[in-house]
Every structure is written in structure tokens, then in C-alpha cells.
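A.B. asks: got a predicted structure here, sequence first:
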Amino acid sequence: MHTAVQSIGAHQPHASSVARVAIAGATGYAGQELLRLLARHPLVTITAAMSSGAPGVNGAERRLPALARLWRGDITPLASDTLVREADVVFLALPDAAAAELAPGLVDAGVRVVDLSGAFRLRDTAVRARWYPETHRLPDAVAYGLTELERAAVAGARLVANPGCYPTATLLALAPLVAAGLIAPGSDIIVDAKSGVSGAGKTPSERTHFSECHDNVSAYGVFNHRHGAEIEQGVGGPVTFVPHLVPLDRGLLATIYVRLQPDATSGGRGEAAVAEIYERAYADATFVRLNGSALPEIKHVAHTNFCDIGWRVDPSGRAVLVSAIDNLVKGAAGQAVQNMNVMLGLDETTGLL
């Protein structure tokens, strides 16, 4: 990896200078996490931090108390012309419809974009129309930003569609085994995943009301969650995905059930076979930590950009994979910064360790 900024087109600073970055949607959970990470990044400067709405942002939003002395700027109203004029890279932490409207114009103007919404994640037109009907056009050079598995595509992208939090945890655990052909043909793939309340975003709802989620665990979106489509895209086939809301402010744990190829598990080699595939896939991946049979926990990854993966395999070939991330960092803002680093030709750990 290089340590200087490489060419990114019309808005590229010289290699010895810092990149100018802006955040649209800076007052949400992911947006504030982006500000926290980018404020300490040694090779960028934050030139704009905007709300997700039109002019008229209220005084309470102009400064963010949690970022006092970490970031000294003000929140300003969303203004696309300012983003084009003042940024080399724009992070969109906006609702899907707003990101779908804004991103193509930014890309056309020569700005590189990291989009944290779901607007550009799905490649199939019909599937995307079902889950993200507001997305009418995909800009040129779009990459799916699961950094460890799509690094080369991210490096050359004009727009990176940052993955969802559930797909990030699930696909980092599952995709290498699928690619290696280790999963038995016709095996059901079952993903039982649990996320903290911040995964639902900052806009309150009945489900995320304190009285509803405190001391409670609930399943939701069964057979009807857009992240299920994103996971199926990543593995190339059907997946049974059941998300759950748990009474935590942050963190996500995915438990995945599959059956492995018989020849992979002969002689009790199942766990070793899984380990070999993961070690090859993530040999150069700083942010993936392989736990083996020591299964990960949410507290092990909270406030970090790590994804911890553990696994168990029984003699019959049944495998349980467990993956843990912080949904606001590796599942959102941290992975977005990691993708920006790759886009700019920086060491991808810059500002994250």
C-alpha cells in the first residue's frame, strides 16, 4: 500500500497534501461516527459537514456535544454545489432516496463518493427496483464496498456502495467458504443475526422506542428484509435471513448455519478445512480477526473496525459460523473510511487503528 494520495481525477490534491472530504448526513449515528473517525485521520481535512435536510437546520444541530474538542466545525444545511466545490471525496450518510438523487450528480462532477445508504448496493435491476425504487440510475464505476473481498474494484471506483451492517458481518464469514466450494450443494444457509438499536438509524419509531426494546429481543423482517437480498447477491443463491433487534446501543452478531462438503469433513478435518480457507482469504486483512473455536462476542469488537469470526464443525459436517462487528464502525462509518483509504491509495488502516 502507498502512503501518499494517488490520482483521483479533477478533484485530486497533490500527493503531498491531504484530501478534502465532506459528509452529507453528519447528524445521524453513522454521520457522527464518520466525523469522529475523519477528525483524527492524518491525511484528510473535513471541509463540510451537512445535515440531511434543506436549509433551516436548527441551532441544536449546529454543534454536536459528543464531538466537542474532537471536531470544531459547524453543521450546515445540505448543499450539493458546496460538496462539488469543496470536496475530493463525499460521504453520503443520507436516507436511500436522498442518496439516490444526489450521488449521480456528484460523480458526474468528478467527485468520488462513498455512499452509506442502500441505494446502489444491488446490481440486479429488478431486485433493486423492489428494495430501492428511488434509484433510477447507477453512476459509472460503482463498486460494492466490502473492502476485504472487493479491494481492487474499490480502488478504481468513482462511487463505492458501502455494504449494510448485516451483510458485512455475514458475507465476511460466508463468502470465502462459498467461493472455495466448501459448502455442500443444496445446503440451506441460515443466518440468525442480532443488531443493536442504532442499526435502525436515528429517526425514532415505535419499534426503537425505549419502552419497546428495553429488556426485549424481537425478530423482524422475516423473508422481507432488504439486507437478505444483499446477502443473497453476495453468495449467489437463496439464504434464510432472520434479523433480530436486541437492547444494545451498538454491535451486531451473526450466527450462520451451513453444511459442508463430505470430503471436507472426513477424518474430523472440518474445522481445519474452514481455517485454511479463511487464512488464505484474509492473510492480508488487518481488520478480520480469526478466532477459530473461540467464538466472538460483541464486546470484543465494540468501537473498532474489526470483524471477528469463529467457527465450529461437528463430525457430520454441520458448521456454525459466528461473526461479530460494531454496526456503526465496520458496519458503516469505519468501513466507509477504510474504502476511502483504498480509493485514495492510502494504507487502508489509516485513521482506524
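C.D. replies: On my side now, so go ahead.
A.B. asks: can you pull the buried residues of the longest helix seen in the chain?
C.D. replies: Secondary structure assigned by DSSP state H gives helix 165-179 as the longest helix of the chain. In terms of neighbour count (16 or more other C-beta atoms under 10 Å), helix 165-179 has its buried residues at 165-178. (C-beta placed from N, C-alpha, C; glycine too.)
A.B. asks: and if you look at stretch 287-302?
C.D. replies: Buried, per 16+ other C-beta under 10 Å, within stretch 287-302: 287, 288, 289, 290, 291, 295, 296, 298, 300, 301, 302.
A.B. asks: ok, what's across the strand from the second one?
C.D. replies: Residue 288 has the following beta-bridge partners by DSSP bridges: residue 307.
A.B. asks: and for residue 226, nearest residue in space, chain neighbours not counted?
C.D. replies: The shortest distance from residue 226 to any non-neighbouring residue, by C-beta to C-beta, 6 or more residues apart in numbering, is to residue 131 (4.1 Å).
A.B. asks: which one of the buried residues of helix 165-179 sits closest to residue 240?
C.D. replies: Set against residue 240, the nearest of these by C-beta to C-beta is residue 170 (11.6 Å).
A.B. asks: so the closest one makes contact with residue 228?
C.D. replies: No - between residue 170 and residue 228 there is no contact under C-beta atoms under 8 Å: 9.7 Å.
A.B. asks: and for the two, which residues touch both?
C.D. replies: Counting by C-beta atoms under 8 Å, 6 or more residues apart in numbering, the shared contacts of residue 170 and residue 228 are residue 241.
A.B. asks: where does this protein dip in pLDDT?
C.D. replies: Across the chain, the ranges flagged by pLDDT under 70 are 1-17, 53-63, 199-204, 206-209, 211-213, 267.
A.B. asks: repeat that with 80
C.D. replies: For the chain, the stretches flagged by pLDDT under 80 are 1-17, 53-63, 197-216, 264-268.
A.B. asks: tell me how far residue 123 lies from residue 174.
C.D. replies: Distance, residue 123 to residue 174, using C-beta to C-beta, to the nearest Å: 18 Å.
A.B. asks: and if you look at residue 191?
C.D. replies: Taking C-beta to C-beta, one finds residue 191 at 8 Å from residue 174.
A.B. asks: okay, and the common contacts of these two?
C.D. replies: Residues touching both residue 191 and residue 174 (C-beta under 8 Å, 6+ apart) are 231, 256.
A.B. asks: would you list every one of the strands in the stretch 101-250 of the chain?
C.D. replies: 112-115, 142-144, 159-161, 190-195, 218-219, 240-245 (DSSP state E, counting those that start in this stretch).
A.B. asks: and the fourth one, what does it pack against?
C.D. replies: Packing partners of strand 190-195 (3 or more C-beta pairs under 8 Å, 6 or more residues apart in numbering; DSSP states H and E): helix 165-179, strand 240-245, strand 252-259.
A.B. asks: just checking: what are the partner strands of that strand?
C.D. replies: Using DSSP bridges, strand 190-195 pairs in its sheet with strand 240-245 (parallel), strand 252-259 (antiparallel).
A.B. asks: show me which residues of stretch 150-164 are buried.
C.D. replies: Judged by neighbour count using 16+ other C-beta under 10 Å, the buried positions of stretch 150-164 are 150-151, 153-155, 157-164.
A.B. asks: of all the strands paired with strand 190-195, which lies closest to residue 44?
C.D. replies: Of all the strands paired with strand 190-195, it is strand 252-259 that lies closest to residue 44, at 26.5 Å by C-beta to C-beta.
A.B. asks: got the CA positions of the helix or strand that the closest one is followed by in CSV?
C.D. replies: Later in the chain than strand 252-259, the nearest helix or strand by DSSP states H and E is helix 262-265. Backbone C-alpha positions of helix 262-265 (Å, rounded to 0.1, in the frame of the first residue of the first chain) are rendered in CSV as follows:
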residue,chain,number,x,y,z
PRO,A,262,-18.5,-34.5,2.9
ASP,A,263,-14.9,-34.8,1.7
ALA,A,264,-14.0,-31.6,3.6
THR,A,265,-15.1,-33.1,6.9
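A.B. asks: tell me the helix or strand right after helix 262-265.
C.D. replies: Trace forward from helix 262-265 with DSSP H and E and the next one is helix 270-281.
A.B. asks: list of residues touching that following helix?
C.D. replies: Helix 270-281 is contacted by residues 148-149, 176-177, 179-180, 182, 260, 264-265, 290, 292-293, 309, 311-315, 317, 319, 321 when judged by C-beta under 8 Å, 6+ apart.
A.B. asks: what's the angle between the longest helix of the chain and helix 270-281?
C.D. replies: Angle, helix 165-179 to helix 270-281, by axes from the mean of the first three to the mean of the last three C-alpha atoms, to 10 degrees: 100 degrees.
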